[in-house]
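Participant: my questions concern the predicted model and sequence given below.
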Amino acid sequence: MKLIQKLLEKHGIEQVVRSVVQARRSPPEPIRVLGLDINTNSTGFVVLNELGGIESSGHICTKHLQSDGQILDIGVEIAARMSQVHNHELSTTPLVAWEVGIEDFLRTFSPGQFKTKGLFQLAQLNGLVSYCALTTFGVAPIHVHPTAARHFFALKVPPGVPKKKDEIKRVVLAHAIASEPALYLPHMTIPAQFDVADAYVVASYTYWRRVVDTVIATSHPLQSALWPDMEKQLARQIA
């Protein structure tokens, strides 16, 4: 790890990262990053600003609607709330550059692990909400699988702790509250708090993914010199 850090410093990658983050935090126009944790019964959302801090958060309960036959109605409720969020930001900050991250519902399919009907319902809802995000915020959303976002922030159940059904969600909730005390929402049910916490992690991942993408695009000439040097140094270590 120290070797890699020295190589990054040698080739100026650290300075590139620092300048990208600084530009990200001082953009020409305000940035808002919306993270959505979608489910047929419940959806959490979080909006971050250009500093990566909380602007707003909330929960959309759709338990009163049946996932079997009312997917469109569920999508309409979520879309209506997204429109409210958009209009609220416009009322205070007319010029906003939006970014949207939506929790993906499936990375791989394991026979017997999921109900096929439920997967199709989630796929339908995900498509509906993605389209509504595009038409409401004017940007195509990225889809983030929860395990990828959790891995990015090194969120996992500690060793020795029984891996119960909701244990990882408790880890995510603790991380969210530690990062943003405003996400301590005792008036919400625990499942709703889980949804908002998941939405926060999706929003944060979306925020930092843009930083990573910008660094990669910015530092391409540096990378062409970095990788051969790194391969040479690693070969020496192995030998």
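Facilitator: Yep, it's here. If you're wondering where the values come from, they're calculated on a predicted model, not measured in any experiment.

Participant: just give me the longest helix of the chain.
Facilitator: Longest helix in the chain by number of residues (criterion: DSSP state H): helix 190-218.

Participant: helices or strands up against that helix?
Facilitator: If you count contacts as 3 or more Cβ pairs under 8 Å, 6 or more residues apart in numbering; DSSP states H and E, helix 190-218 packs onto helix 13-25, strand 31-37, strand 42-48, strand 54-61, strand 97-103, strand 142-144, helix 146-152, helix 167-179. For glycine as for every other residue, the C-beta is placed from the backbone atoms N, C-alpha and C.

Participant: report the buried residues of the helix or strand harbouring residue 80.
Facilitator: In this structure, residue 80 sits in helix 71-92 according to DSSP states H and E. Residues 71, 74-75, 77-79, 81-82, 85-86, 89 are the ones in helix 71-92 that count as buried (16 or more other Cβ atoms under 10 Å).

Participant: cool, stretch 147-157 as well?
Facilitator: Buried residues in stretch 147-157, counted by 16+ other Cβ under 10 Å: 149-150, 155.

Participant: which of the residues you listed lies closest to residue 58?
Facilitator: Checking those against residue 58 by Cβ to Cβ gives residue 149 as the nearest, at 19.2 Å.

Participant: which ones are touching that closest one?
Facilitator: By Cβ atoms under 8 Å, 6 or more residues apart in numbering, the contact set of residue 149 is 103, 201-202, 204-205.

Participant: just put those residues in CSV and tack on neighbour count, pLDDT and distance to residue 177.
Facilitator: Shown next, in CSV, are those (neighbours: other Cβ atoms under 10 Å; pLDDT from 0 to 100; distance: Cβ to Cβ, whole Å):
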residue, neighbour count, pLDDT, distance to residue 177
103, 24, 93, 19
201, 26, 97, 12
202, 31, 97, 16
204, 23, 96, 13
205, 25, 95, 17
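
Participant: so for the residue nearest to the spatial centre of the chain, what's the nearest residue that isn't a sequence neighbour?
Facilitator: By Cα atoms, centre = their mean, the chain has its centre lying nearest to residue 202, at 1.8 Å. Excluding the flanking residues, the one nearest residue 202 by Cβ to Cβ, 6 or more residues apart in numbering is residue 35, at 3.8 Å.
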